[in-house]
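> One predicted model, sequence on top.
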Amino acid sequence: MKKIFFGSASLCLAAFLAACGGDDIATETAPAENGEGVSGTLDFYTSQPDADAQALVDAFKEQNPEVDVSIFRSGTEEVVSKIQAENQGGNIQADVLLVADSVTFENFKAEELLLAYESPEAEAIDEAFVDPDGTYAGTKIMATGLIVNTNEVTDLPTSWSILTDEATSGQAVMPSPLYSGAAAYNLGVMTRQDGLGWEFYESLRGNDITITQGNGAVLESVATGEKNYGMIVDYLAARAKSDGSPVELVYPEEGVPVITEPVGIMANTENEEAAKAFVDFILSEEGQQLASDLGYTPIREGIEAPEGLKTLDEMTILDAEAVELLETRDEDKAEFGQIFGQ
Amino acid sequence: MTAKQPMVEERKKRDSSFSLFFQKNSIYKVIGLLVIFVFFLLPVLRLVFLSFVDDGSLTLHYYTEILREPATWKTVQNTLVIVAGSTILALALGVLFSWIVAYVQLSGKRAMQLFIFLPFIIPSYITTLAWTQFFSASGPVNAMLSWLPGSLEAPNLYSIGGIILLLGISHYPLVYLFTVNVFRKIPRELEEAAATSGLSKKRALWKVVLPLALPGIASGGLIAFLSNLDNFGIPAFLGTPANIRVLSTYIYEQVVGFGPSAFSRAAVLSVILGVIALVGTVFQWFLLRRSRVNETNRSDSTPRIHLSAGKQKLLEISLWTFLLVTSLMPLITMGALSLISAYGVPFNLENLSLRNYEYVFLTDSKPLSALSNSLQLAFFTMLVCLVLGTAMAYLRFKHPDWSTKAAELFMTVPFALPGTVFALCMIFMWLEPVPGWNPGIYGTVWILFIAYATRFLVLQVRGSYTAFLQIDPSMEEAARTSGAVGWVKWRRILLPLLFPGILSGALLVFLMALTELTVSSLLWSSGSETVGVVIFGYEQAGYSTYSTAFSTVLVLAILLGGGLFMLLGKLWDRKVLKTK
C-alpha cells in the first residue's frame, strides 16, 4: 500500500514537474479520448507469449502512461492454479486475466471471482465470443487445425479423417487434454460434433496416434519429420512455416474448434477503472490491429488476419456451449484417459 | 582432603551448570524446531489441510475416493518401479564413477569431472529431446543397428525403461558429488591392512571400502531418490505418449483440473508421495545406523590403483565413450538446434546463423536480466544454505536425538514435493501468513528466495552432514585438549577437513537454484524473472530455437565457471592445506 502511495505520489510530482517544464509535454500526456486519465497499478496475469504480452502492455501504456502494469506470464494451467492458490490464501492479487479458453473463465465465473463489465468495444465482436453477463470477452481467434510435413506428404489433406485413415497409422501426433486446457477444450468441442464425436477419438487411438504434452511438441515432431500429421493451434504452424520449417497448415473442411483467449477482470480488483480501460484497449481497433501484427487472427470484425491465417468469416467454426463444456470437463478428460488406456 | 574439597565443589558446580545448560538447551531445541516447522512444514500442512476439508467440514472422503480408484494404485506402482529403478541406476553409475575417479590412475580427470556434471545441469527437456532424437527411427542408433545382422531396433524410450534410463543418467551426478570425496578420504592404511590380513581386492572393496563410503552413498542415494520422485519433466515428456503416469505427473493433472476438489485431490496424492519420500529417508537412516568412522584422513587424491598402460587406455576410452554419449551428445544437439533458423530445415551452412543468439541477447531484454536475477538468487540462496545447513548438519551430527531427526525430516519435505505443489504451498503460506495481513513478500523477489532456500537447504544439510560423518569424534576432542576452541577449532581443524564435502553441497544448491524452473514459473513476478522462467516462456511460445540458444550459453557459462572453480580448488589445496 505504502509503495503504491509513494508510487502515485512520485508520479503526481513528475507530472507536476513536467507541466512546469514545458507545455508541449503536458499536452502530450493528456488523456486520450477514452483513457480518462486512469492511473495506479494493475496486475495482469496472462498466458500469452512474453513478448506479445509486453507489446500489448507497452501499447496500452502509450495511451495511459500513468498506469503501471506488471505482468505475470506462465502457462494457462500455471496461471489458473496461481489464482486458485491466491484465492485459498485469502486474497487474489490479479486485476486482469487473459488466458487460453472460455471454459476456464466459466470456471472462475461459477466461483464468482469475475467482475461483470460490458465493454463498449465488445459490441464490434461476434456475440458468440462474449459472455452475455459481461464477465469475459474473447480477444483473438485461435483455431486448431492440421499441420502437415511437406517433405513427406505431397497431397495435402482436406479433412480430419486423414488422422484416422489406416494409411497414416502411427504417423500422427496431438497434444494431451490432460495437461493442456486448450486441448481439453478441443476435446469437448469435437466430441460434441456430428460426424466426429467420441468415435473420432476411438479411431485416433486405433490409428495409433501419439499424445504429447503440448502444442510445441507437436510442432517439433512434425517439423522434424518424426511424424507427418498433427493437430495444432494455427498460429504456431503458420509462424513455423514463415520461419522456413517444411510444414503446411490446413483448416479441415468439417470445421475447426477455436479458442479465443478471453480477457476478464477479477471481482476484487483494487483498480477497477484502469482494469476497464485495459480491457477496452485490448478489444479496441488498435488493440486488435496489434494482435494481428503479432501474428494472430483478430476477433473484432473488419480487421485483417496476418499472412498464412484465415479470418473469422473464412473458416467454419465447430462450437459448443462453454457452460456445458465446464460441467463435463472432468468426465471428458476421464473418458479420454479411458480410451487412451490410462 | 582439603585439596580434594574444592574439586568436588567444582564438579558439582559444573554438573549443575550442565543441567541448566540442558534445560536451556531443550528450550532452544523447541524454539529451533518451531522455526523450522513454520518455514518448512507449515506451508505444506496448509495444503494437506485441504485434503481433509470439503465445503467447510472435515471429511476423509477424498482419501477414500482416491484410495479406491484403480488409477491411483497403478500410478503408485509405476512410481515405485520407476523411482527404484532410476535410483539404483543413479547409485550404480555414481558410485562406479566416483570410485574410479578417486582410486584409479587416469589422465584427464578434471575434464572428466566436468563432463560428469553435464547431464545434471542441462535442462531436462533438452536431455529428453536429445535422447529421443538419438534413438529415433532416423537417428544414429538405428543407423548403426541396421549395419548389424538381424533386425535389431533401438529400444523405445517412451516406456518405463526409457524413463528410468533418463532419470538415472540425469541424477547420477548427485551420487557422484556426494561420494567422490568420501572415497578419497578412506584411509589407505585400512586397505593395506585388509590386504595383509588376506582379503582379496574384491572382498576388501565389499568389506572395507564400500562400508566406509556409506555416508556418501546414502546421502547421494537419498538426494537422487527424492529427485527421481519429484521430477516432472522427464516422465511428462516420455510418459505422456506411452500413457504412463507417475505421482508427479498425476498430481499436476489434478492441479490443472477444475472445480473446488482439484487442490484437495492433489493434496491427497501429495500426501502419498510424501509418505514414499519419508520411507526413503528413514531407510537411509537405517543404513547409516551402523556406519562408524574410526579414523580421519585428509582428502587424498593421489590414485591408489595403477593399471597397466593398455588397461588404463581401455578404461579411459570406455569412460569417455560413455561421457560423450551421455553428456556431450545432448549438449551438441542443443547447440545444433540453437544455430538453425527453424525446426525441420536441413542442418547445412545456408540454414545456420546466430540469429537466435542475437534475439536472445540483443533484441530481448529479459534473458540478461533473468540471468542476473538468477545468479543473485542462486548466490544468496547458497550463502544462507551454507551457513544454516552446515549449522544444522553439525547439530544433527553432535546430537542425533529426536529433535534433530525431526528437523531433518521437516527440511526434506519441501525438496521431496513436486515443484508445482511446493509453489502452491508457498502461496498459501506467504500471501497472508496471518489471515488479513500481507507482509508484501509474495509478488516480490523475496518469495523466490524463501522458496529456494527452504527447498534446497536439505542438499546442504546432507552435504555437510556427510562431511561431518567422516570426522572421528576424537578429532574434535583432540583439538579441544590442545587448546583450540571456538572459531580457532573450526578454522584450524574442522573446516579444512570438512571443506570438500561442504563445498559439494553448496555447489549443488547453487546449480539447482540457478536453473530452477517449476517453482519459479508460479512465483516469479515482474522484474524478478529467472532463467527457468525465460526458458519456459520460450518453450511455451513455440520458440524452442531461442530457448536452446539461451540454454547453450548458460551451460557453457556453467562449464566455464566450473573450470574456474576447480582452479580455485587447486589453489586452496596448495595454499591452505599443504602449507599448514
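Yep, it's here.

> where does the stretch 151-300 of chain B have low pLDDT?
For the stretch 151-300 of chain B, the stretches with pLDDT under 70 are B:259-260, B:290-299.

> near chain A, which residues of it?
Counting by CB under 8 Å from any CB of the partner chain, the residues of the stretch 151-300 of chain B lying close to chain A are B:236-237, B:240-241, B:243, B:245, B:252-253, B:255-260, B:262-263. All C-beta spots, glycine's among them, are computed from the backbone N, C-alpha and C.

> just these now: which is nearest residue B:355?
residue B:237 (26.6 Å; CB to CB).

> Surely that closest one is in a helix?
Yes - counting by DSSP: H, G, I helix; E, B strand; the rest coil, residue B:237 is part of a helix.

> Let me see the contact set for it.
A:213, A:217, B:124-125, B:128-129, B:132 (CB atoms under 8 Å, 6 or more residues apart in numbering or on different chains).

> Just say helix, strand or coil for the spatially most central residue of chain A.
The C-alpha lying nearest the average C-alpha coordinate of chain A belongs to residue A:261 (CA atoms, centre = their mean; 2.5 Å). Secondary structure, three-state DSSP: residue A:261 is coil.

> what's it sitting at in phi/psi?
phi 40, psi 70 (degrees, to the nearest 10).

> how many neighbours does the residue nearest to residue B:379 when sequence neighbours are not counted have?
Excluding its sequence neighbours, the residue lying closest to residue B:379 (CB to CB, 6 or more residues apart in numbering or on different chains) is residue B:510, at 7.1 Å. Neighbourhood size, residue B:510 [other CB atoms under 10 Å in any protein chain shown]: 24.

> Sticking with residue B:510, tell me its helix or strand.
helix B:495-515 (DSSP states H and E).

> next helix or strand past that helix?
Moving toward the C-terminus from helix B:495-515, the next helix or strand (DSSP H and E) is helix B:518-523.

> Give me the neighbour count for the closest residue to residue A:206 other than its chain neighbours.
In space, and not counting its chain neighbours, residue A:206 is closest to residue A:164: 7.5 Å by CB to CB, 6+ apart. Neighbour count for residue A:164, taken as other CB under 10 Å: 21.

> what's near enough to touch residue A:164?
So residue A:164 contacts A:200, A:203-204, A:206-207 (CB under 8 Å, 6+ apart).

> now with 10 Å?
The neighbours of residue A:164, taking CB atoms under 10 Å, 6 or more residues apart in numbering or on different chains as the test, are A:172, A:196, A:199-207, A:209.

> right, and out of the residues you listed, which lies closest to residue A:181?
Taking CB to CB as the measure, residue A:181 sits nearest to residue A:201 out of those, at 17.5 Å.

> what is the mean pLDDT for the helix or strand hosting the closest one?
Residue A:201 belongs to helix A:197-206 when assigned by DSSP H and E. Averaged over helix A:197-206, pLDDT sits at 94.

> nearest residue to residue 81 other than its sequence neighbours?
You didn't pick a chain, so chain A it is. Setting aside the residues directly before and after it, residue A:81 is nearest to residue B:255 in space (CB to CB, 6+ apart), at 5.1 Å.

> meant chain B actually
Distance criterion CB to CB, 6+ apart; nearest residue to residue B:81, sequence neighbours excluded, is residue B:160 at 6.3 Å.
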